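Asks: below: sequence and its predicted model.
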Amino acid sequence: MKALLASGEIGIFDVINDGRESIQRMRVRELLDAAPGIGSRRTFTLMAKAGISETRRIGGLGSHQLQKLRSEMILNKVPVNPGTLIVMSGPGGVGKSTITSYLRDHPAIWVSVSVTTREPRDNEKDGRDYHFVTEEKFDQLIAQNALLEWAEFAGARYGTPREAVAEALNLGKHVLLEIEIAGARQIRKADPYALLVFVSPPSWEELVERLTSRGTDSPERRAARLALAEEEMACSGEFDEILVNHRVEEVAAALLSLASSRSKGLD
Ligand code: 5GP
């Protein structure tokens, strides 16, 4: 890890966001000393300014200290990679939410929690799956410019809270938005560096199978879902990357690798 850091292949926040126990036990001072271009005097100043004690280990850093460390590094012109804003879209039934759940615990990723006006489903928890809000509250959030994007979908409104996303990016995390296509287009306009990924099924037949095997839908509802999926599939060309969902683990790994290349300016 130290060798990769010294060669510039990975940055300080890649190390901090690495979940491995051995890394989390490393002292912050040791990490900063190993990074190129900081030096022991500057390490001392950065840590003092961020209020981090000499013996503090990476795993013991609070989010306030991390934010302070990051802004001090930027002030001192120490290169830090910002996280990448990742937008993931794709037709209903393609497996986006399984991919999101799989990535939720990854230390380098922060999964954005949208606000929505739709009713919670049985297995959904407020604050984890969505922030469930009233129509009035949603209007207020729009008026306060608190949403990075928002769109209407199947009779409800959905939006991405702006501030939480900025906060996570500032900590060097990649931020994952699982949103529909109108929202993806708004992000594209607002942030040309965002990474837009379209998740596609292995074949149209397989998507039809997944969408129609849910069982509880009426024939009309099923037809509407298929028509919408077809419309969504037709937009895949607007995205930076198309990932075919053969296996969740593969899509997740590809997303991480794309996000990390983008944050380093390699693509
Ligand atoms: P569901 O109601 O099934 O959870 O989501 C319906 C659709 O809304 C999905 O395509 C999902 O990706 C999208 N969605 C969820 N959150 C947001 C958001 O914050 N903004 C936008 N534009 N779409 C969202």
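Replies: Cool, the structure landed.
Asks: for the residue nearest to G159 when sequence neighbours are not counted, helix, strand, or coil?
Replies: Nearest non-adjacent residue to G159, counting by C-beta to C-beta, 6 or more residues apart in numbering: W150, 3.2 Å away. All C-beta spots, glycine's among them, are computed from the backbone N, C-alpha and C. Under DSSP: H, G, I helix; E, B strand; the rest coil, W150 falls in the strand class.
Asks: list the contacts for W150?
Replies: F138, I142, R157, Y158, G159, T160, G183, Q186 (C-beta atoms under 8 Å, 6 or more residues apart in numbering).
Asks: number of nearby residues for the residue in the stretch 1-150 of the chain that the ligand sits nearest to?
Replies: Proximity of the stretch 1-150 of the chain to the ligand (C-beta to the nearest ligand atom) peaks at S114, 3.1 Å away. If you count neighbours by other C-beta atoms under 10 Å, S114 ends up with 20.
Asks: quick check: it touching Y130?
Replies: Yes: S114 is within contact range of Y130, at 5.6 Å (criterion: C-beta atoms under 8 Å).
Asks: touching both of the two, which residues are there?
Replies: With the criterion set as C-beta under 8 Å, 6+ apart, the contacts of S114 and Y130 do not overlap.
Asks: L255: what's it in contact with?
Replies: I86, M88, I99, L103, L176, V197, L243.
Asks: need those residues in TSV with secondary structure and distance to the ligand, can you?
Replies: As requested, the contacts of L255 are arranged in TSV below (DSSP: H, G, I helix; E, B strand; the rest coil; distance: C-beta to the nearest ligand atom, whole Å):
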residue	secondary structure	distance to the ligand
I86	strand	13
M88	strand	8
I99	helix	11
L103	helix	14
L176	strand	11
V197	strand	12
L243	strand	15
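Asks: if you rank those by neighbours, which is first?
Replies: Neighbour-wise, the contacts of L255 (other C-beta under 10 Å) top out at L176, 28 neighbours.
Asks: who's in contact with that one?
Replies: Taking C-beta under 8 Å, 6+ apart, one finds I86, M88, T100, L103, I109, W110, V111, S112, L255 in contact with L176.
Asks: over to the fifth one: give its phi and psi.
Replies: Think I109. phi -120, psi 140 (degrees, to the nearest 10).
Asks: how far away is P36 from A3?
Replies: P36 sits 11 Å away from A3, going by C-beta to C-beta, to the nearest Å.
Asks: for the chain, list the residue farthest from the centre, please.
Replies: For the chain, the residue at maximal distance from the C-alpha centroid (C-alpha atoms, centre = their mean) is P219, at 35.5 Å.
Asks: from the ligand, how far out is that residue?
Replies: 20 Å (C-beta to the nearest ligand atom, to the nearest Å).
Asks: ok, now which ones touch that residue?
Replies: If you count contacts by C-beta under 8 Å, 6+ apart, P219 has none.
Asks: report pLDDT for S261.
Replies: S261 carries a pLDDT value of 85.
Asks: so which strand or helix has it?
Replies: S261 is part of helix 248-263, with elements assigned from DSSP states H and E.
Asks: so where's the stretch 1-150 of the chain shaky on pLDDT?
Replies: Within the stretch 1-150 of the chain, no range satisfies pLDDT under 70.
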